[in-house]
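1. quick one, structure for this:
(one chain, ligands or ions: 1)
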Amino acid sequence: MLDLKKDIVERFIRYTKYDTMSDGNLAGVRRPTTPGQEVLLEKLKEELDELGLETYYGEEKVVMGTLKGNAEGKTIGFMAHVDTADDVMGDGVKAKLWEKYDGSDIQLDGVTLAVKDNPDLLKYVGSDIITSDGTTLLGSDDKAGIAIIMEAIKYLVDHPEVKHPDVEVYFTPDEETGSGMCKFPHERLKSFCCYTIDGGDESEIECECFNAATMKINLEGVSYHLGAARGRLVNAVTMASQIVSALPQAESPEATDGRYGYYCPLELSGTGTKATLTIFIRDFDLDSFNYRIESVKSIVNAISLLYKGKITVDTQISYHNMAEANKNNPEATEAIFASGKKLGLSFEEAIIRGGTDGARLAETGVACPNLFTGGHNLHSLTEWVSVESMNHSANLVLGIIDFWTGR
Ligand SMILES: [Zn+2]
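-> Coordinates of the predicted model:
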């Protein structure tokens, strides 16, 4: 196992200082949604240029770099996102390095990172961890991923004796807003498979995610003076609430985990004459995912007939389960487990109750398993990352590249 810890830490902390919190309200309006992301993307392009990679940064606002191979083998890629979440403040990050962590609770500004709530901390007693100062998130999601990729690439540049095929890297904006992959230079991608480095604990490799759809339901009522409304008034608010009530409560996010999918009414607004309702559909299984979408349409149809209101449904597929592309190209996952074994690391295959940028690439048939960053408590004030895990992840990246050399 190579010890790249010092350089990874320096690089990661430097990237956390860029204010790259994305803004979901501007998804599809501005790309990237926040100017800070562009600053970091430009910086990353510059750093890849300095390392001697062929780079591309165009109107898609995705940084792409190719490290030319010095050996035969399939081209493979690695991907991470520059933006951070806005669940808590994501800008103004002041990272704190806790050297040789002693196993006790960590007191931050206003919040405590308690061992009893974070038993994983005890796996890293004696090694270094990084937190924010407690007033912001840390941004290991996904700047740890970027630092891991950059250090692995730098290692190959510094060690020309190490054989490798062409390696591509991709840095995307706006993953957290779900719009990151709406523009992607697909025609430039040469990678046989493309690993995202956007996971959490190092015990898990993720090869499956949800199928996801957003259903926007537009309801139109008919207004009348309420005193003379009998048999005439059509109330959009009533229709919307009836649709929500008809959704099975046992199949909601708050009632499910593991492999169970769900219906989730997430936004409801309007008046008696006009209302909109947004429902999220999530399922690992494609057939039951489609069944859920059809079920909502049936409910809408029934309510529309019952109340004689006009209801339209607009269904947008957000992403599909990446399992299919990963199963069709089993070597992509095999590379992870074989390389991990060589490094003395063991993982389990886990499922993501969400999506990744890779899920969007997987729709084009490219296998995109997700590797760990070592980050924990993502999107929160008590986010922390294990330096040891980041080092393991960078070694895993190099191991995977080695796996593909000569294939
Ligand atoms: Zn992420």
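
2. buried ones in the longest helix anywhere in the chain?
-> With DSSP state H setting the assignment, residue counts place helix 286-307 as the longest helix in the chain. The neighbour-count check on helix 286-307 (16 or more other CB atoms under 10 Å) flags 289, 292-293, 295-296, 299-300, 303-304, 307 as buried. C-beta coordinates here come from the backbone N, C-alpha and C atoms, glycine included.

3. same check, this time on stretch 311-325
-> Within stretch 311-325, the residues that qualify as buried are 311, 313, 318-323, 325, counting by 16+ other CB under 10 Å.

4. now do the contacts for the residue lying closest to residue 101 once chain neighbours are set aside.
-> Closest residue to residue 101 apart from its sequence neighbours, by CB to CB, 6 or more residues apart in numbering: residue 129 at 5.1 Å. Shown in contact with residue 129 (CB atoms under 8 Å, 6 or more residues apart in numbering): 97-98, 101, 121, 384-387.

5. can you check residue 55 too?
-> Residue 55 makes contact with 45, 48-49, 63-66, according to CB under 8 Å, 6+ apart.

6. for residue 407, same thing?
-> For residue 407, the contact set (CB under 8 Å, 6+ apart) comprises 73-74, 165, 331.

7. got it, and residue 314?
-> Counted by CB under 8 Å, 6+ apart, residue 314 has contacts 215-218.

8. please redo it, this time with the cut-off set to 6 Å
-> Counting by CB atoms under 6 Å, 6 or more residues apart in numbering, residue 314 touches residue 216.

9. cool, and residue 91?
-> Neighbours of residue 91 in contact, by CB under 6 Å, 6+ apart: 19, 21.

10. let's see the pLDDT reported for residue 28.
-> According to the predicted model, the pLDDT of residue 28 comes to 88.

11. make that residue 290, sorry
-> At residue 290, the predicted lDDT confidence score is 98.

12. on that earlier part again, out of the buried residues of helix 286-307, who's nearest the ion?
-> The ion lies nearest to residue 289 out of the buried residues of helix 286-307, by CB to the ion, at 22.5 Å.

13. wait, the closest one sits on residue 209?
-> No: no contact is recorded between residue 289 and residue 209 when judged using CB atoms under 6 Å, the distance being 11.8 Å.

14. what ranges do the helices span in the stretch 51-200 of the chain?
-> For the stretch 51-200 of the chain, the helices identified by DSSP state H, counting those that start in this stretch occupy 140-158, in order along the chain.

15. other residues contacting the longest helix of the chain?
-> Counting contacts by CB under 6 Å, 6+ apart, the residues outside helix 286-307 that touch it are 211, 213, 215, 234, 239, 242-243, 246, 281, 283, 311, 313, 315.

16. dump the host helix or strand of residue 317 to PDB, restricted to CA.
-> Under the criterion of DSSP states H and E, residue 317 resides in strand 310-319. As requested, the backbone C-alpha atoms of strand 310-319 are provided in PDB (Å, rounded to 0.1, in the frame of the first residue of the first chain):
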ATOM      1  CA  LYS A 310     -58.900  18.300 -15.500                       C
ATOM      2  CA  ILE A 311     -55.700  16.600 -14.400                       C
ATOM      3  CA  THR A 312     -52.600  16.200 -16.500                       C
ATOM      4  CA  VAL A 313     -49.500  14.200 -15.600                       C
ATOM      5  CA  ASP A 314     -45.900  14.900 -16.700                       C
ATOM      6  CA  THR A 315     -43.500  12.100 -15.900                       C
ATOM      7  CA  GLN A 316     -39.800  12.700 -16.000                       C
ATOM      8  CA  ILE A 317     -37.300   9.800 -15.600                       C
ATOM      9  CA  SER A 318     -34.400  11.100 -13.500                       C
ATOM     10  CA  TYR A 319     -32.200   8.100 -13.800                       C
END
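
17. bridging residues for residue 375?
-> When bridges are assigned using DSSP bridges, the partners listed for residue 375 are residue 385.

18. for it, give me its contacts.
-> Under the criterion of CB under 6 Å, 6+ apart, the contact partners of residue 375 comprise 140-141, 144, 200, 385.

19. and which of those is nearest residue 105?
-> Looking at those and their distance to residue 105, the nearest is residue 385, at 17.5 Å (CB to CB).

20. residue 128 is in contact with the closest one, correct?
-> No: in this structure residue 385 lies outside contact range of residue 128 using CB under 6 Å: 9.7 Å.

21. could I get the buried residues of stretch 311-325 as JSON lines with distance to residue 183?
-> Conversion of the buried residues of stretch 311-325 to JSON lines gives the following (distance: CB to CB, whole Å):
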{"residue": "311", "distance to residue 183": "32"}
{"residue": "313", "distance to residue 183": "26"}
{"residue": "318", "distance to residue 183": "15"}
{"residue": "319", "distance to residue 183": "15"}
{"residue": "320", "distance to residue 183": "18"}
{"residue": "321", "distance to residue 183": "22"}
{"residue": "322", "distance to residue 183": "19"}
{"residue": "323", "distance to residue 183": "25"}
{"residue": "325", "distance to residue 183": "20"}
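
22. what's the closest of the residues you listed to the ion?
-> The closest of the buried residues of stretch 311-325 to the ion turns out to be residue 319 (CB to the ion; 13.6 Å).
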